[in-house]
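# kindly return the folded structure for what I paste below:
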Amino acid sequence: MQVGKDSVVTLSYRVTDLQGNLVDEGSEPLVYLHGGYGGIFAKIEEALQGKSAGEHFDVKLEPDDAFGDYDAELVMVEPRSLFPENIEVGMQFERATEEGDDDELFTITDIAEDKVVVDGNHPLAGMALMFSCTIADVREASAEEISHGHVHAPGEHHHH
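Predicted coordinates for the structure are as follows:
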C-alpha cells in the first residue's frame, strides 16, 4: 500500500543538523495520519506521498519548514530574584502568557549575578535539519481516526 490521504504511516527516523550532529535519534517510531492533519511537518508529508513501506528517504528541512526562524524578541533578561535558587543554564520552564494562552517554553541560556537570560525560541529554531526516515508501515486509517484527525493506538479508549 502506498502513502496517501487518510493512511496511517509509521516512520523509523532520525534527525541531524546539516553538520551531521544528532538532534533526535527517534527512539520511538513516529506514527501519524497522512493527509494534511498536521501530524508531521508538511514538507515531510509531501515527500512521503505515494511512497511504500520499506522505502527510505532524506528530507532537508529549512527553518521555515521545521521550527521556524530564530526570533530575538523571545530572548528576555529577567531579575534573578524571580527564579528559584537551584537554576542552571539549559533548564527549561513554562510560563503562561499574559493572554492566558498555552504556556510558552523558555530555556535559561545565561545566569549572571542578578540577571537571568531566558530564551523562548524552540531549541531547534533557526536550524536547518536533515530528516532521515524509513517507512516501517502503511495502513488505511479507520473512519474514527479520520474523523478525529489523529491516530489511535491499538486498544486505545474511544473518546466520547
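
# can I see the domain layout of this protein?
What the record gives for the chain is the domain set 7-67+125-148, 72-119, from automatic domain parsing.

# pick the most deeply packed of the ones you listed.
domain 7-67+125-148 (a mean of 15; mean count of other CB atoms under 10 Å). For glycine as for every other residue, the C-beta is placed from the backbone atoms N, C-alpha and C.

# how far does it sit from the chain's center?
10 Å (CA atoms, centre = their mean, to the nearest Å).

# start to end distance for it?
Domain 7-67+125-148 has an end-to-end distance of 13 Å (CA to CA, to the nearest Å).

# and the gap between residue 36 and residue 43?
13 Å (CB to CB, to the nearest Å).

# ignore what I typed, I meant residue 153.
Residue 153 is 26 Å from residue 43, by CB to CB.

# same question for residue 30.
Relative to residue 43, and taking CB to CB, residue 30 is found at 14 Å.

# so where's the protein shaky on pLDDT?
96-103, 154-160 (pLDDT under 70).

# show me where it has strands.
7-17, 22-24, 30-33, 56-61, 75-79, 92-95, 104-111, 115-119, 129-140 (DSSP state E).

# now tabulate these in CSV and tack on distance to residue 48.
Formatted as CSV, these follow (distance: least, CB to CB, whole Å):
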stretch, distance to residue 48
strand 7-17, 6
strand 22-24, 17
strand 30-33, 10
strand 56-61, 8
strand 75-79, 35
strand 92-95, 31
strand 104-111, 28
strand 115-119, 32
strand 129-140, 7
